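Engineer: could you look at this predicted model? Sequence included:
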Amino acid sequence: MNALSPARRRALRAQAHHLHPSVSISHNGLSASVLKEIDRSLTAHELVKVKLYGIERQDREALQQQVCDALGCQPVQRIGHVLVLWREQPAIAEAREGAAKAPAKRPARTPRGHAPASSDRPRRRTSA
């Protein structure tokens, strides 16, 4: 999997700011059930926060790398006891690839100063 670009990582950090941790890892460490739950959360949401309890500072980076290697996800951010992980959903990835192949359609232009025909707002009257 390709590394995230700095712009994409910044956008994901902004999206993750309002999320609450959906998975917790305690001092018992990374078990199969915890990996399965992180995988389930990544499949459902793409972007997940993981809270770490009772894990030493030097062990956090190794734990993050272990999770990313096991699940094929990308680390977005690690602040204190919180990891932010991202893995693109296959259906969304296919849709993005299909959209990239299709030519982009430009919206119809309207004359300057005129509202689009589908607008529900009343037109401004101009005094002459």
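Structural biologist: Ah, there it is.

Engineer: give me phi/psi at the nearest residue to residue 60 once chain neighbours are set aside?
Structural biologist: Excluding the flanking residues, the one nearest residue 60 by C-beta to C-beta, 6 or more residues apart in numbering is residue 52, at 6.1 Å. From N, CA and C alone the C-beta is placed, and that goes for glycine too. Per-residue torsions, residue 52: phi -110, psi 130 (degrees, to the nearest 10).

Engineer: now do the helices in this protein.
Structural biologist: 6-16, 32-45, 57-71, 90-101 (DSSP state H).

Engineer: using CSV, lay out those together with mean pLDDT and mean neighbour count.
Structural biologist: As requested, the helices of the chain are exported to CSV (pLDDT from 0 to 100; neighbours: other C-beta atoms under 10 Å):
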stretch, mean pLDDT, mean neighbour count
helix 6-16, 94, 13
helix 32-45, 93, 15
helix 57-71, 92, 14
helix 90-101, 66, 9
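
Engineer: can you tell me which of these is nearest to residue 83?
Structural biologist: Among these, the nearest to residue 83 by C-beta to C-beta is helix 57-71 (5.2 Å).

Engineer: quick one: list the elements packing against the closest one.
Structural biologist: With contacts taken as 3 or more C-beta pairs under 8 Å, 6 or more residues apart in numbering; DSSP states H and E, helix 57-71 sits against helix 32-45, strand 47-52, strand 74-79, strand 82-86.

Engineer: got the ones you listed as JSON lines, with distance to residue 13 columns?
Structural biologist: Compiled in JSON lines, these are given as follows (distance: least, C-beta to C-beta, whole Å):
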{"stretch": "helix 32-45", "distance to residue 13": "15"}
{"stretch": "strand 47-52", "distance to residue 13": "10"}
{"stretch": "strand 74-79", "distance to residue 13": "5"}
{"stretch": "strand 82-86", "distance to residue 13": "7"}
